[in-house]
Structure formats: C-alpha cells, structure tokens
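Student: build the 3D model from these lines:
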Amino acid sequence: MKNQLVFVLKVLFISAVISFLIKYVAPNFPIPETANNALIIILLPNVIMLSVLIWQIFRTQKVN
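Tutor: Numbering: from 1, shown residues only. I've put the predicted structure just below:
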C-alpha cells in the first residue's frame, strides 16, 4: 500500500511542477503562433508516447 501511495505522490508532484512551468515559465518563450507550431505542440506528446510504447514492446519481446 505504501508503494502505491509513493507513486501517487510522485505523479502529483510532477504534475504540479509541470503546471507551474506551463503557467509561469512558458509564456516567457517567444514562440510564433503558426499552424506548424500548433501541430507540433499538439502531436509531440502522442509521438513521444508512441515511441516509448513501441520501445517497450520490442524490449519485452527480446526478453521472452
């Protein structure tokens, strides 16, 4: 039970840090408002997750 609590607390802490960075640090970056930048911002998290999941699949297949 303690292990799950630690995991939840880590997720909450990381989420708070990311929220703080988005709210207070991100507006300081001069990113132009273009369609390409919007697509990159929207699609990049999906591409990163897809890459991680594919990497995990290949890693588990090599172990078995």
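Student: please count neighbours and contacts with C-alpha atoms only from this point.
Tutor: Noted.
Student: tally of neighbours for Cys19?
Tutor: For residue 19 the amino acid is Ser, not Cys. By other Cα atoms under 10 Å, 13 other residues sit near Ser19.
Student: nearest residue to the middle of the chain?
Tutor: Pro45 (5.9 Å; Cα atoms, centre = their mean).
Student: any idea how far that residue is from Phe58?
Tutor: Distance, Pro45 to Phe58, using Cα to Cα, to the nearest Å: 20 Å.
Student: try Phe7
Tutor: Separation of Phe7 from Phe58 (Cα to Cα) stands at 25 Å.
Student: please apply the same query to Glu33.
Tutor: Relative to Phe58, Glu33 is positioned 37 Å away (Cα to Cα).
Student: Phe20 too?
Tutor: When distances are taken as Cα to Cα, Phe20 and Phe58 turn out to be 35 Å apart.
Student: helix, strand, or coil at Ile54?
Tutor: Secondary structure assignment for Ile54 (DSSP: H, G, I helix; E, B strand; the rest coil): helix.
Student: burial check on it, number of neighbours?
Tutor: When counting by other Cα under 10 Å, one arrives at 12 neighbours for Ile54.
Student: and the pLDDT at it?
Tutor: Residue-level confidence at Ile54 comes out at 95, pLDDT.
Student: could you do Asn64 as well?
Tutor: Model confidence at Asn64, expressed as pLDDT, equals 61.
Student: ok, now Ala26?
Tutor: pLDDT recorded at Ala26 is 88.
Student: over to Gln4?
Tutor: So Gln4 comes in at 91 (pLDDT).
Student: what's the neighbour count on it?
Tutor: Under the criterion other Cα under 10 Å, the count of neighbours that Gln4 has is 9.
Student: tell me which residues of the helix or strand containing it are tucked away?
Tutor: Taking DSSP states H and E as the criterion, Gln4 maps to helix 2-20. Within helix 2-20, no residue is scored as buried using 16 or more other Cα atoms under 10 Å.
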